[in-house]
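Chemist: Using only what follows, build the 3D model:
(chains A, B and C)
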Amino acid sequence: MSEIITTNEVRHLVQSGTDSWEIIIGLEIHAQIVSNSKLFSGSSTLFGSKPTSQVSLVDAAMPGMLPVINEECVRQAVKTGLGLQAKINNTSVFDRKNYFYPDLPQGYQISQFKYPIVGEGLVTVDFKDKESIVVNIERLHLEQDAGKSIHDLSQDYSYIDLNRSGVALMEIVTKPDLRSAEEAKAFITKLRTILRYLGTCDGNMEQGSLRADVNVSVRKPGDALGTRCEIKNVNSIRFVGQAIDYEAGRQIEILEEGGVISQETRLFDSAVGETRAMRSKEEAHDYRYFPDPDLLPLYLDDDFIKKIAIELPELPDQKKARFINDYGLTPYDASILVADRVSSEFFEGVAKGRDIKLVVNWITGELFAALNRLNLDIANSPITVESLGELIDLISDKTLSGRLAKDVFEIMLDTKEMPKKIVEENGLSQITDIDSIEAVVNKVILENPDKVSELLEKPKLIGWFVGQIMKETNGKANPATVNTILKDKLNLG
Amino acid sequence: MIDIKNLNLKQIRDGLQNKSFTALEITESYLGEIDKAKELNAFITVTSDKAIFMAKESDKRISRNESRDLEGIPISIKDLYCTKNIKTTAGSKILKNFIPTYESTITNNLWSDGCVMLGKLNNDEFAMGSSNETSYFGPSINPWKRKNEDTPLVPGGSSGGSAVAVSGSLSAATTATDTGGSIRQPASFTGTVGIKATYGRCSRWGVVAFASSLDQAGPITKTVVDSAIMLRSMAGFDSKDSTSIDLPVPNYETNINKNIKGKRIGIPKEYKIKGLDSDIENNWVDGINWLKSEGAEIIDISLPHTKYALPAYYIIAPAEASSNLARYDGVRYGERVHRKDLDQMYSDSRSDGFGEEVRRRILMGTYVLSAGYYDAYYLKAQKIRKLISNDFDNAFNIVDAILTPTTPTTAFNVGKKFDDPVTMYLNDMLTVPVNMAGLPAISIPSGFDKDGLPMGLQLIGKRFGEDNLFSLASVIEDCRGTFSNPTQWWIEK
Amino acid sequence: MPIDEKIVKKIATLSRITISENEITKLSAELNSIIKWVEQLNEIDTTEILPMTSSVNNTLYLRKDVVSDGNIVDDILLNAPMTEDGFFLVPKVIE
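Modeler: Numbering: from 1, shown residues only, chains lettered A, B, ... in the order given. Sure thing, here's the model as predicted:
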């Protein structure tokens, strides 16, 4: 019974009629390494250039061309391995994976098969309302990307652009530790966060910098692993979720009807939200891996690895712990803030010397909502650390009420002006001097004797008075001061 | 016209420096000889215009006293070396119209040292062959014939054209490549000197690959000193070749006629194979005596795994070749057979473009790497390779160099039928072990058999011990006495 | 392990080499004779031996990460059998 996985208790089940099923998911993530030049050639990795403009003789696999490895790509892979708390292998070997495809100029992909650069590691994935899970990483290896084939430009021909050919990828392989579409999506999101913190992959899925091959199988709880299908090249987190849900449903339906799953490679069609078997049969493949004789083994000494380890930035899990510890944030607020390195830095920039609670609420509330509405990244935010800081200072020193601050914030979004300047130009500052407020309070009390007498019956009517006073002052009166004076005048103590 | 037949490279170098003749005169003389020697089919492309242009440039430099090391010396290049803007075919139909836009590192070194290019030389298709008969451009013919016989003989291979061009006095020197004996065997068959450098000594960049872990370059020349002069220019570290070794290149010329007293020479008993021609065996004894007479110490040694080198080679070389030749797919360069279906286009282009022997080796290589056979064949062969290499390491603890015959027989008839591919492969029996271990080895003309055909002796050195080989080879050259040129039967009276 | 005609067809497909029906018999005979001959390697026990991939013992030389190549579109396309607008063209691929 050794094939039965007992290490993970059942976390998630899918009900289908009277049966319940467990979905088993493993991921192979292809992450494009951030580097100036390609893995084995000196051509540029820039996205979106003219066809063939970023192709060298090596990338086009001209006769007699040879690969020479890029130091930075090696360093980035090691850095990523360290970020995944993984074992870095002092010796790794490059192999050739042989197959014919028009966007694979050499007729083989240089990859690492038997001896990858990075061994086993792990990623912790957090959820809003349930326990965190640990996803084990099986390995990380370096490999070349292929070119791009465009099939819809003509009836008779496919068009091949080799600009991507030879760009460095890290293939990160998980153990089959994921149990739902939600977990898989959360894992990829977390992995992307780690890669972005490390600066080893930009994580841009629209440009194909991060793609996932998704292995899905289903089983009755406690049974041995079922036959899996691999869904190739899914290029958004949302699609990964859709593909898993569809594929698991498909497999359950087949099994419930007494059928068997055939191990195959499938494609996800995002237009219809379904997976379908690839027409070219994967069974026909036999990759004939063997060590690339054009390359020698890659030996990394401990100093090389240590040097990278020292330069490693603070990672999201460490930062989250620190935020909870040092700033007293809730785990949930901390995880939202560390999900993106720029957000976390933004937070720490604003938080310095200010009311933490106020800062967190403004960033995770107003700012994130506004960015979301405007479809902007925090890196391109019209609100800066300085401007939000100044706004929060104006709230703290009671120049602005919460309501006024929101108005100022809206103007800041539009004009990118600093809040002090906006307040001055628009005469928005809050009235805090007691004499002015007292005059208005007296006025309102005198004008509404019936309400005053009603107040004895219904203490909640105080809110109506506050509203009237705010109206009189165009919202500039400090609500707290208004409250104190009102209660004092009306003897409500 | 200069009588180039009796001139070697060193004499030409001296003649040019003494201004006994000009580079243009010597170049035109060679072009004249090439024109008369069409029957030898040594050249695939003759680059007369380029040769004359380069010769004139050299003459200008000589007149300005700005000579470089090989100024004005006319040489020819095996058609496996990519030459910028000059057709490079690798002896194959699939590359019959291929024009590289780049220059191989080695040829670039030679042009930088002042050599003049006469043309591109015939060879076995993709260097796969031992007789030059697998060339798409037809076999090159050995300038030597048996006494009183008119039967055309093969020059050996794969560098057949390179050997013929030197033996027939069509070039002062030529470049060649050696994967399993492709320099030494043709040198032996044509009475010329051929050295295969230590693996990693000469850059492989820009040389069409056959089996990357075994391929290594070297020159073919008339004399040992010429060989030393040529190799010095060709060799050197190249950062574009990951298997190239960063070691200074000595001035090998200083090793010629150096005292060899006390040098220990190993005689491996395993090289006395069944089928070794008796004349060759006797010549081997001559060689031993010559070295002994100059003060070398002769030591009997054992290289126990010798007989396994050839079968292991015929697994490793085809395996690497099957992958190296995948790039010839009719997509980016090379001949395409137009088909509507992609795989049909691939298969028909490759079947049409590759000759029989190349196809056979690709199939063989694919087989030994394919799933289920890898361990039994490829991995096994690599382990045997290790044992062969260990044999040499052990021997070189005791000796400074090893002396053996280069080939089991002298040149055979063009069109000779072998029972099966294996019988033909036996030609490489004595040369292949050196490639497996990555060692340097030189073949020196050492006498004539009873039919008047040249024989050659092979000296095998330690890694990067080429200098020592030149000393020993020059002793053999001196002791064997003057070596006549073949009768120029191809020149019509 | 004899190479039967089925294996010959399989490796021909993997290698993208068209072989005619009447070639198959001859090829499988030739490949078998080679395979039979190389199987003499089994005379040697290699259990304890590490495989040798290269005769060079160095580690990889690491290149600096600078853009030093590319922008040679004409060179790359010069020998291509079929191109359009900077793309290589191949018979249409159906995935």
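Chemist: Low-confidence ranges, chain C, go.
Modeler: Applying pLDDT under 70 to chain C flags the ranges C:1, C:95.
Chemist: so where do the strands sit in it?
Modeler: With strands called from DSSP state E, chain C shows them at C:83-84, C:87-91.
Chemist: The last one packs against which elements?
Modeler: The reference is to strand C:87-91. Packed against strand C:87-91 by the contact rule (3 or more Cβ pairs under 8 Å, 6 or more residues apart in numbering or on different chains; DSSP states H and E) you find strand A:157-161, helix B:342-353. (Each C-beta comes from the backbone N, C-alpha and C, glycine too.)
Chemist: Nearest spatial neighbour of the closest residue to chain C within the stretch 201-350 of chain A, chain-adjacent residues omitted?
Modeler: The stretch 201-350 of chain A approaches chain C most closely through residue A:299 (3.9 Å), counting by Cβ to the nearest Cβ. Leaving aside its chain neighbours, residue A:299 sits nearest to residue C:59 (3.9 Å; criterion: Cβ to Cβ, 6 or more residues apart in numbering or on different chains).
Chemist: Longest helix in the chain, by number of residues?
Modeler: With no chain named, the answer covers chain A. helix A:237-256 (DSSP state H).
Chemist: that's the wrong chain, I meant chain C
Modeler: Of all the segments assigned as helix in chain C under DSSP H, the longest by residue count is helix C:21-38.
Chemist: Would you quantify the distance from residue A:444 to residue A:126?
Modeler: Distance of residue A:444 to residue A:126, computed by Cβ to Cβ, to the nearest Å: 50 Å.
Chemist: Who has more neighbours out of the two?
Modeler: Taking neighbours as other Cβ atoms under 10 Å in any protein chain shown, residue A:444 and residue A:126 compare with residue A:444 leading, 22 against 19.
Chemist: which ones are touching whichever residue of the stretch 1-150 of chain B sits closest to chain A?
Modeler: Chain A sits closest to residue B:82 of the stretch 1-150 of chain B, with a gap of 5.0 Å, by Cβ to the nearest Cβ. Counting by Cβ atoms under 8 Å, 6 or more residues apart in numbering or on different chains, residue B:82 touches A:62, A:63, A:64, B:88, B:100, B:102, B:103, B:104, B:107, B:206, B:207, B:208.
Chemist: Could you name the specific helix or strand carrying the residue nearest to residue B:315 when sequence neighbours are not counted?
Modeler: Nearest non-adjacent residue to residue B:315, counting by Cβ to Cβ, 6+ apart: residue B:381, 3.8 Å away. If you go by DSSP states H and E, residue B:381 is part of helix B:380-395.
Chemist: The helix or strand sitting right after that helix along the chain packs against which elements?
Modeler: Once helix B:380-395 ends, the next helix or strand along the chain (criterion: DSSP H and E) is strand B:401-405. Here strand B:401-405 touches strand B:264-268, helix B:278-293, strand B:454-461, helix B:466-480, going by 3+ Cβ pairs under 8 Å, 6+ apart.
Chemist: other SSEs contacting the least confident helix or strand in chain B by mean pLDDT?
Modeler: One helix or strand of chain B scores below all others by mean pLDDT, DSSP states H and E: helix B:421-425, with a mean of 81. Helix B:421-425 sits against helix C:21-38, with contacts defined as 3+ Cβ pairs under 8 Å, 6+ apart.
Chemist: between the helix it packs on and helix B:342-353, how many degrees?
Modeler: If you take axes from the mean of the first three to the mean of the last three Cα atoms, to 10 degrees, helix C:21-38 sits at 70 degrees to helix B:342-353.
Chemist: dump the residue contacts of the residue nearest to residue A:443 when sequence neighbours are not counted.
Modeler: With Cβ to Cβ, 6+ apart as the criterion, residue A:443 has its nearest non-adjacent residue at 7.2 Å, and that residue is residue A:472. Taking Cβ under 8 Å, 6+ apart as the criterion, residue A:472 is in contact with A:440, A:443, A:444.
Chemist: Residue C:67: neighbouring residues, count only.
Modeler: Residue C:67 has 18 nearby residues by other Cβ under 10 Å.
Chemist: Distance check, the residue of the stretch 1-150 of chain B closest to chain A against residue B:317.
Modeler: Residue B:82 sits 21 Å away from residue B:317, going by Cβ to Cβ.
Chemist: go on, residue A:328?
Modeler: Per Cβ to Cβ, residue A:328 is found 69 Å from residue B:317.
Chemist: which one of those two has more residues nearby?
Modeler: Neighbour totals were compared for residue A:328 and residue B:317, and residue B:317 leads with 28 against 12 (other Cβ under 10 Å).
Chemist: can I assume the more buried one sits in a helix?
Modeler: Yes - when DSSP: H, G, I helix; E, B strand; the rest coil is applied, residue B:317 is found to be in a helix.
Chemist: and it, what does it touch?
Modeler: Contacts here follow Cβ under 8 Å, 6+ apart; on that basis residue B:317 touches B:179, B:180, B:210, B:211, B:214, B:361, B:365.
Chemist: Those: which two are farthest apart?
Modeler: Using Cβ to Cβ, the pair of the contacts of residue B:317 lying farthest apart is B:180 and B:365, separated by 13.9 Å.
Chemist: before we move on, back to that, from the contacts of residue B:82, pick the one nearest residue B:122.
Modeler: Nearest to residue B:122 among these, counting by Cβ to Cβ, is residue B:88 at 12.7 Å.
Chemist: Mind listing what's buried along stretch B:292-305?
Modeler: Buried residues in stretch B:292-305, counted by 16 or more other Cβ atoms under 10 Å in any protein chain shown: B:294, B:296, B:301, B:303, B:305.
Chemist: just stretch B:138-153 next, same as before
Modeler: Applying 16+ other Cβ under 10 Å to stretch B:138-153 flags B:139, B:140, B:141, B:142, B:143, B:144, B:145, B:146, B:152, B:153 as buried.
Chemist: Which of the residues you listed fall in strands?
Modeler: Counting by DSSP E, the buried residues of stretch B:138-153 contribute nothing to strands.
Chemist: Closest one to chain C out of those, please.
Modeler: When these are ranked by distance to chain C (Cβ to the nearest Cβ), residue B:139 comes first, at 20.8 Å.
Chemist: Which residue of chain B lies farthest from its centroid?
Modeler: What lies farthest from the middle of chain B is residue B:340; by Cα atoms, centre = their mean that is 41.3 Å.
Chemist: returning to that earlier point: the residue nearest to residue B:315 and residue B:312 touch, don't they?
Modeler: Yes - shown here, residue B:381 and residue B:312 form a contact pair, counting by Cβ atoms under 8 Å, at 4.1 Å.
Chemist: which residues are common contacts for those two?
Modeler: Here residue B:381 and residue B:312 have C:38, C:41 as joint contacts, going by Cβ under 8 Å, 6+ apart.
Chemist: that older thread, and whichever helix or strand comes after the least confident helix or strand of chain B, average pLDDT?
Modeler: Later in the chain than helix B:421-425, the nearest helix or strand by DSSP H and E is helix B:432-437. For helix B:432-437, mean pLDDT is 98.
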